[in-house]
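> Sequence and predicted structure below; questions after.
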Amino acid sequence: MKNFLVTLALGLSLGLGVFGTASVATAQTAAPAAVTAPAAEAKPADAAAPVAVPAAAATAAPAAAEAAPVLVPNKGDTAWMMVSTILVIMMVIPGLALFYGGLVRSKNMLSVLMQVVVTFSMITVLWFIYGYSLAFTEGNAFIGGFDRLFMKGIWDNAAGTFANAATFSKGVVIPEISFAAFQATFAGITCALIVGAFAERIKFSAVLTFMALWFTFSYLPIAHMVWFWMGPDAYSAKEVADEMTSKAGLIWQWGALDFAGGTVVHINAAVAGLVGAFMIGKRVGYGREAMAPHSLTLTMVGASLLWVGWFGFNAGSALEANGFAALAFINTLVATAGAVLAWCVGEAMMRGKASMLGAASGAVAGLVAITPAAGNVGIGGGLVIGVVAGFACLWGVNGLKKMLGADDSLDVFGVHGVGGIVGALLTGVFNSPALGGPSAVGDWVTVAMIAPDAYSIAAQVWTQAKAVLLTIVWSGVVSVVAFKIVDLTIGLRVTEDEEREGLDISSHGESAYHG
């Protein structure tokens, strides 16, 4: 208990000390998403990087700001964002926890549940202390600033109003607190995903310390680079367009498409997990002793909850209850179904039988791959992405895993890494109008989409590949350093005796099953 409290205190202290070289005194207090142009007809939520919305919007000339109408969030959009947030929480607790818990041996069941739920809780706290500010306020191309440190500025006592955040439609806003809560669940589940790569042999205190470091120096910069921009209303005239784009995150400036987190969530977490699997080492008896999942029933329940919750994860990323949310919704359904079938077919061809574990894994593979593409591709493209991901991730947890030689306990890289890369690259293909995709916004001043004859699949795929490569390198370097720091300070692994006894008893003093 003492170690647990010390670790939590360390995590919170990291939150207050990070990026200390930045000047807090320069933090702006202007409410985000201040609209600088008259409300225009809402446009579909798709763009050169259509996912997140900045917490800060553009500043305009005082006269223009005074003339701008006061925007009121639509109650339907606000309700949808809250429902989506609840769905993502369900993905983690209990979805991911049960999915992972069923895959480990019974003596480690509670340890995995604890690592997932406490990691999610700690990251949520850190998110509202400093994470949201560093991810979604204006700073530079790599990281944000301290405008929303401790969520300051969310409520205006003088005016009696909440700050608003931009969406992808001009003149349309949502309460910033709803956006912040939604994005908090993304940060939490990303860190929780990493747990599966080194399950059954890591110290609980090491998990939490690593997560605090990695969240700060990998998740937040990648989220900022991919998703932060100044909002559609900042693009009030062609004369300011280039300036507004230059204030966005680096990967957004490149024009990479990531609807709900192929790079930020899945590839980012998968690389961290793979590094951890290498640096922590293999489980005692790996390759010599049976390490079969102790409850595929729980794994199936967890996978089902993940699938249902993922509708909020993907469709909620439209930030409005509109047609693009519906497109993300149906793609989440069809791609996942296609991946389940593909995995089962591939498994039957390899082993002569399709398994329940394979079907559940196929579902997760499809969900992962469609994440960056959900609102960026047509239904046919979504189905193809799901099918390709099913076969690719089946190879990832078999052929690729053997090639790498790491004990990635629950196949985090084989599913989330491979699936995330497949989805990110194929988004550039099937976003093309020629292949049934909705295209991307080519001009945010007029919100004009790139015409079919002007869309280059090769150019967009190259942009997607650059985003993937940067994410891999960034997460890999941060992970190596973070794991090394933890190893040198508190140590990464439990003792061999503790590992053989099981982490439920040795780390938490309780057992999942009795009798």
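Received it, and whenever you're ready, just let me know what you need.
> Setting aside sequence neighbours, what's the nearest residue to residue 448?
Of all residues not flanking residue 448 in the chain, residue 442 sits nearest, at 5.8 Å (C-beta to C-beta, 6 or more residues apart in numbering). (C-beta placed from N, C-alpha, C; glycine too.)
> Just the buried residues of the helix or strand encompassing the one you found, please?
Element membership of residue 442, judged by DSSP states H and E, is strand 441-443. By neighbour count on 16 or more other C-beta atoms under 10 Å, the buried set for strand 441-443 is 441-442.
> which stretches of the stretch 351-500 of the chain form strands?
For the stretch 351-500 of the chain, the strands defined by DSSP state E, counting those that start in this stretch cover 441-443, 448-449.
> want to throw those into TSV with distance to residue 197 and mean pLDDT?
Formatted as TSV, these follow (distance: least, C-beta to C-beta, whole Å; pLDDT from 0 to 100):
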stretch	distance to residue 197	mean pLDDT
strand 441-443	36	95
strand 448-449	39	96
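> Would you format those as CSV with distance to residue 131 included?
Output for those, formatted as CSV (distance: least, C-beta to C-beta, whole Å):
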stretch, distance to residue 131
strand 441-443, 28
strand 448-449, 33
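> And those: which comes nearest residue 424?
Residue 424 sits nearest to strand 441-443 of all the strands of the stretch 351-500 of the chain, at 18.7 Å, using C-beta to C-beta.
> helices or strands up against that closest one?
With contacts defined as 3 or more C-beta pairs under 8 Å, 6 or more residues apart in numbering; DSSP states H and E, strand 441-443 has these neighbours: strand 448-449.
> The strand it packs on pairs with which strands, parallel or anti?
Paired with strand 448-449 in the same sheet, following DSSP bridges, are strand 441-443 (antiparallel).
> Low-confidence bits of the protein, can you list those?
1-68, 515 (pLDDT under 70).
> for it, longest helix please?
Longest helix in the chain, counting residues (DSSP state H): helix 457-489.
> Tell me the buried residues in it?
When burial is assessed from 16+ other C-beta under 10 Å, helix 457-489 yields the following buried residues: 460-461, 463-464, 467-468, 470-472, 474-476, 478-479, 482-483, 486.
> which residues of the stretch 251-400 of the chain fall in helices?
With helices called from DSSP state H, counting those that start in this stretch, the stretch 251-400 of the chain shows them at 268-280, 296-315, 323-351, 356-370, 379-395.
> what's near enough to touch residue 278?
Counting by C-beta atoms under 8 Å, 6 or more residues apart in numbering, residue 278 makes contact with residue 406.
> I figured residue 108 hits residue 506, correct?
No - the criterion here is C-beta atoms under 8 Å, and residue 108 misses it with residue 506 at 9.8 Å.
> Those two: which is more packed in?
With neighbours defined as other C-beta atoms under 10 Å, residue 108 and residue 506 compare such that residue 108 has more, 27 against 19.
> can I assume the more buried one sits in a strand?
No - counting by DSSP: H, G, I helix; E, B strand; the rest coil, residue 108 is located in no strand; its state is helix.
> residue contacts, it?
For residue 108, the residues meeting the contact criterion (C-beta under 8 Å, 6+ apart) are 199-200, 502-504.
> my guess is residue 209 meets residue 486, correct?
Yes - assessed by C-beta under 8 Å, residue 209 is found in contact with residue 486 at 5.1 Å.
> quick one: the residue lying closest to residue 375 once chain neighbours are set aside from residue 238, how far?
In space, not counting the residues next to it along the chain, residue 375 is nearest to residue 328; the distance is 4.1 Å by C-beta to C-beta, 6+ apart. Relative to residue 238, residue 328 is positioned 30 Å away (C-beta to C-beta, to the nearest Å).
> cool, and residue 312?
37 Å.
> between those two, who's got more neighbours?
Applying other C-beta under 10 Å to residue 312 and residue 238 shows that residue 312 carries more neighbours, namely 26 against 10.
> how near is that one to residue 73?
Distance of residue 312 to residue 73, given as C-beta to C-beta: 18 Å.
> Residue 422 now?
Going from residue 422 to residue 73 by C-beta to C-beta gives 36 Å.
> Neighbour count: the two, which is higher?
Neighbour totals were compared for residue 422 and residue 73, and residue 422 leads with 25 against 19 (other C-beta under 10 Å).
> Just the terminal-to-terminal distance for stretch 206-221.
End-to-end span of stretch 206-221 (C-alpha to C-alpha, to the nearest Å): 22 Å.
> where does it sit relative to the chain's centre, distance-wise?
Centroid separation for stretch 206-221 versus its chain: 14 Å, with C-alpha atoms, centre = their mean, to the nearest Å.
> cool, stretch 124-144 as well?
Between the mean C-alpha location of stretch 124-144 and the chain-wide mean there is a distance of 15 Å, by C-alpha atoms, centre = their mean.
> mind saving the C-alpha coords of that stretch as PDB?
Only the C-alpha atoms of stretch 124-144 are listed here, as PDB (Å, rounded to 0.1, in the frame of the first residue of the first chain):
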ATOM      1  CA  THR A 124      -7.500  10.900 -16.200                       C
ATOM      2  CA  VAL A 125      -6.300  13.000 -13.300                       C
ATOM      3  CA  LEU A 126      -3.100  14.000 -15.000                       C
ATOM      4  CA  TRP A 127      -5.100  14.900 -18.100                       C
ATOM      5  CA  PHE A 128      -7.100  17.500 -16.300                       C
ATOM      6  CA  ILE A 129      -4.100  18.800 -14.400                       C
ATOM      7  CA  TYR A 130      -1.900  19.500 -17.400                       C
ATOM      8  CA  GLY A 131      -2.400  16.900 -20.200                       C
ATOM      9  CA  TYR A 132      -5.300  18.600 -21.900                       C
ATOM     10  CA  SER A 133      -3.500  21.900 -21.900                       C
ATOM     11  CA  LEU A 134      -0.400  20.500 -23.500                       C
ATOM     12  CA  ALA A 135      -2.300  18.600 -26.100                       C
ATOM     13  CA  PHE A 136      -5.000  21.000 -27.100                       C
ATOM     14  CA  THR A 137      -3.800  24.600 -26.700                       C
ATOM     15  CA  GLU A 138      -1.600  26.700 -28.900                       C
ATOM     16  CA  GLY A 139       2.100  26.300 -28.400                       C
ATOM     17  CA  ASN A 140       4.300  25.100 -31.200                       C
ATOM     18  CA  ALA A 141       4.300  22.300 -33.800                       C
ATOM     19  CA  PHE A 142       5.200  19.700 -31.200                       C
ATOM     20  CA  ILE A 143       3.500  20.500 -27.900                       C
ATOM     21  CA  GLY A 144       0.900  23.000 -26.600                       C
END
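> how about that stretch: buried residues?
In stretch 124-144, counting by 16+ other C-beta under 10 Å, buried: 124, 126-139, 141, 143-144.
> Tell me how many other residues crowd residue 384.
21.
> Equivalent analysis for residue 395, please.
14.
> again with residue 496
Residue 496 - counted by other C-beta under 10 Å - has 11 other residues nearby.
> No more questions from me, cheers.
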